[in-house]
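S.K.: quick one: sequence plus predicted model below, questions after.
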Amino acid sequence: MTANPNIIWQRKMKIRDISDRVYQGQVYRLFDRARSSIVISMYVLRPGEHPNHPVNRLLEDLLEARGRGVQVTIYL
């Protein structure tokens, strides 16, 4: 019997549900460690006026990840 390559791929995938107010630090660390892909689902993605606004920082980290060759997908 031959192994299904899709099942093997799914076993290697790491999925984390990070919510509540502690998510910010976790998200930044995960983005920095990402090697192949980042997939995000958000209800709203609205940049703030200040450069240090959390959404602006999130977008900057995603751009940095793309610069490292990480595939970034955002579902709104």
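M.R.: Cool, the structure landed.
S.K.: who touches the lengthiest helix in the chain?
M.R.: Determined from DSSP state H, the single longest helix within the chain is helix 54-67. For helix 54-67, contacts defined as Cβ atoms under 8 Å, 6 or more residues apart in numbering pick out 24, 27-28, 31-32, 34, 38, 40, 45-48, 50, 72, 74. For the C-beta atoms, the positions are set from N, CA and C on the backbone; glycine is no exception.
S.K.: over to stretch 34-43?
M.R.: With Cβ under 8 Å, 6+ apart, stretch 34-43 has contacts from 30, 31, 62, 65, 68, 70, 71, 72, 73, 74, 75, 76.
S.K.: write the PyMOL selection for whichever of those are buried.
M.R.: Here is the PyMOL command that selects the buried residues among these (16 or more other Cβ atoms under 10 Å):
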select buried, resi 30+31+62+65+70+72
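S.K.: rebuild the contacts of stretch 34-43 as CSV, extending it with distance to residue 55.
M.R.: Output for the contacts of stretch 34-43, formatted as CSV (distance: Cβ to Cβ, whole Å):
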residue, distance to residue 55
30, 16
31, 14
62, 11
65, 16
68, 21
70, 19
71, 21
72, 15
73, 17
74, 12
75, 16
76, 12
